[in-house]
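S.K.: Dropping the sequence and predicted coords here.
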Amino acid sequence: MITKYAGMLTALLGVHLFVAAQTEIKKITALRSGTVFRIDGNLNELEWKTAPVAGKFIELRPNTFRKEDEANRTEIYILYNNQGIYFGGYCHEKNKDSIATELVGRDNFGSNDFIGVVLDTYLDKLNGFEYFVTPLGEQMDAKVIPQDNNGNSEDFSWNSVWQSASKLQADGWSFEMFLPYSALRFSKKDVQTWGLNIVRRRNKSGQQLFWNPIDPKVNGFLTQEGILTIPDKISPPVRLSFSPYFSTYVNNYPYNSTGVKNTTNAFNGGMDIKYGINESFTLDATLVPDFGQTQSDNRVLNLTPFEVKYNENRTFFTEGTELFNKGNLFYSRRIGATPIHYGDVSGMLDSTQHIDKNPTETKLLNAIKISGRNKNKLGIGFFNAITQPMYATIQNDKGQKQQILTNPLTNYNILVLDQSLKNNSSVTLVNSNVMRNGKDYDANVTAALLNLYDKKNKWNLNANAYSSTIFGNTNTTGYKYGAGLGKVSGSFNFSTMVQVVDDKFNPNDMGIQFYNNNINESFFAGYAITKPTQWFNRLFNNFNFNYDQLFVPRAYQSLKFNYNSHLQLKNLWWIGLFTNASLKGNDFYEPRVNGRVFKSPAYFTQGAFVESNSAKKYSISLVAMVGNTFLFNSKELYVEFTQSMRFNNKFSITHYINLNPISNNIGFPTSNGSNGLDGIYTNEILLFGRRSRTTVENRLNFKYSFNNKMYITMRVRHYLGTVTYKEFFILNQAGTLDAIPDGSTAIKQYISTNHNFNNNYNTFNVDMVYSWRFAPGSEFNIVWKNDINTYERDVINGYFKNFNSAIAAPQSNSISVKILYYIDYLQLHKAK
């Protein structure tokens, strides 16, 4: 399925990340200006008339390498002064109706036309900065970062403070953009030579055009950039800013219990600090942070033996973390997660005690990030965070209270050294470390990564080696290593990879790994047609193969295949087909007991999708899949439907629903969560069940923008997961299923006592946000959050009965107000 990130450069380049092998690189020299412009979107200043012009854009899609039409030509002008660099431009159109406009808020592309400036200030063709502006003046920005073994990707969580404005004209639209040097990172040189590309999207026609042409058959997109020269010396300024915040909360939950308040309030204050240590490195710090206004998690009913990986919605942990994500050792949700002894408290109670309070999250005291890249192209990243000790409170019948430590004072840090090499290659060293005060264990993980490309950017060789150590009563050390080779440019690409993880490797104190003790061998092959034909614009095909073994003792696990094909039609619709298959295997994780195995059955699924032209006011996306598992003739249906309606360029509604019923599914019986071990009757007697599963997820998103600085959004989500067990079995030592003997009354009583292990889980959330960007980098937000969770063993049949049951359940409500104000040291200094 094609995701709707149509504004991002990676999506502009297609499903595989490509860039041009251009024989002649475009070059432009900026003109110094002695004027400080008013940024209003009009090109009225005289300097624009003498500035050098970046024009003659070349189409990437749908018609690769076609020159832009004269009537729709693009003209970009570049100036600079001692404070920053200016970009101005005129995007010509035959008439105003050809311009696609929508107000969607910062860092959202929507269905807009846009202009984007891409700057590679170190000219390493691996790292860069992107700045976009729409015809209605909304901003987007991102960092360009290397993507392992596959060119470049973009980090849109990164935000900078800069100025822009746009103006609709009779024959197109114009814009002005000012990028202060404090928004960039570059080395001290007498002459600055940067990589530059400029992208324009004309959404109604489906066109993407670039100043320096892009070939969709070549890997990466910074590898094909033009050159911008700033001919005389500019000095990186002092980069120091403060963002103090103040927030207040009113929270309500109907405890209706003596001594417990239903309504509480809280007041918070803190500050974010950003300081440029030198021209290359920046320190970011958050002091007493407040993350209460982040979007609610998409909670689900988890029947697997693995934890659920949730998205990170806290800005500090998403912005500018590209270096820390190398090697996949940084799962920031570990910081502030559930205390490590949270679940131990109930087992420490005697018959006279009960739990009075047991916090589910640890509190972050402070965190810092230092990151950057020096003139020798060495990237350095250092992250450190401290969480405070957490305590549960238990109380006896006499009212006496006792505190139990559930999480000690903990320090998290990660260090990254990333050296860029020639030909867009790199070598990286990563170390993560978790230290806990007191008797609890500590953890350390080190990784070395190698990523090599040949001179023609056609072949890639990559390798990795990891070591993890848990420091406790006895130290445990584990290892992980692998290597891969691939062809990454051309119409036909392939890659092969081997990854070995021993049975002791464990990065989960700061990272996330679902399982170890595994050998994975994978193969990918893809073929793309990017030149439009009579019937379609683009066609992509790929085949994937995965073979897994247990590392110790060596044993076969699974053999899986996947095929995908999708194409864009001439009317800009996407259609596609996909199929997945797996042979019989050995599942060593589903039984939940080391040394046991379940002989997993073969399965086969096939599906299709269609996605309409998102530039239209009404658009849809439909995915449908049917599957069959060859045990108990298990059938699966998956349907996902999305529809969006833009009533005008301010107001839109998006509805998403998916339905996933599975009949005769087989699995270990568990409650909600990977820690549910209900099916372990004894260590020798493990229960499995034949069950019917149904999942329904329903989401509504409303958006209204008052202007390009102020908007209101509401996100409503209801999720339903039900499991009804039909029959139970005992997993034998061979890994197959035996019927429960007629005389096993104790086992049958155990099952009955646990309501046949049935599950009925509802979660309902509302996230309503009013946001006003009243000054550059400054925000005023009002947020209402509603949260309902119900979990029962008795299944409620029917979606609407479940919905009504959830709405009638006790619910948590929170209303918060937060103001954050951006203070730039340079502006303060000028004001004196």
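M.R.: Structure received.
S.K.: just checking, Thr338 is part of a strand?
M.R.: No: residue state for Thr338 (DSSP: H, G, I helix; E, B strand; the rest coil) corresponds to coil; a strand is not indicated.
S.K.: Quick one: residues in contact with stretch 242-250.
M.R.: Counting by Cβ atoms under 8 Å, 6 or more residues apart in numbering, stretch 242-250 makes contact with 263-274, 290, 292-293, 777-778, 814-823, 825, all of which sit outside it. Heads up, the C-betas are built off the backbone N, CA and C, glycines and all.
S.K.: Out of these, which end up buried?
M.R.: Buried positions within the contacts of stretch 242-250, assessed by neighbour count (16 or more other Cβ atoms under 10 Å), are 270, 272, 274, 290, 293, 777, 814-816, 818-820, 822, 825.
S.K.: Okay, now the unreliable bits of this protein?
M.R.: Within the chain, the ranges that satisfy pLDDT under 70 run 1-23, 147-152, 672-676, 829-832.
S.K.: where along it do the helices fall?
M.R.: Applying DSSP state H to the chain gives helices spanning 9-12, 46-50, 315-318, 745-753, 799-808, 825-831.
S.K.: re the thing from before, need the buried ones among the contacts of stretch 242-250 in a markdown table (columns: distance to Glu130).
M.R.: Putting the buried ones among the contacts of stretch 242-250 into a markdown table (distance: Cβ to Cβ, whole Å) gives the following:
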| residue | distance to Glu130 |
| --- | --- |
| Gly270 | 29 |
| Asp272 | 22 |
| Lys274 | 19 |
| Asp290 | 29 |
| Gln293 | 26 |
| Gly777 | 18 |
| Ser814 | 35 |
| Ile815 | 36 |
| Ser816 | 32 |
| Lys818 | 28 |
| Ile819 | 28 |
| Leu820 | 23 |
| Tyr822 | 21 |
| Tyr825 | 25 |
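S.K.: Now intersect these with the strands, please.
M.R.: Of these, the ones assigned to strands by DSSP state E are 270, 272, 274, 814-816, 818-820.
S.K.: circling back to that earlier point, so which of the helices of the chain comes closest to Ser600?
M.R.: Of all these, helix 745-753 sits nearest to Ser600, with 22.7 Å by Cβ to Cβ.
S.K.: Residues contacting the closest one, please?
M.R.: Here helix 745-753 has contacts from 681, 685, 687, 728, 730, 740, 757, using Cβ under 8 Å, 6+ apart.
S.K.: Return the distance of the second one relative to Asn797.
M.R.: In this structure, Ile685 and Asn797 are separated by 31 Å, where distance is defined by Cβ to Cβ, to the nearest Å.
S.K.: which of the two has more neighbours?
M.R.: Ile685 (16 against 10; other Cβ atoms under 10 Å).
S.K.: looking at it, the more buried one is touching Phe728, isn't it?
M.R.: No: Ile685 lies out of contact with Phe728 (Cβ atoms under 8 Å); the separation is 11.2 Å.
S.K.: Can you flag which of the contacts of helix 745-753 belong to strands?
M.R.: Of these, the ones assigned to strands by DSSP E are 687, 728, 730.
S.K.: Which residues are in contact with the second one?
M.R.: The reference is to Phe728. Counting by Cβ under 8 Å, 6+ apart, Phe728 touches 669, 687-690, 740, 751.
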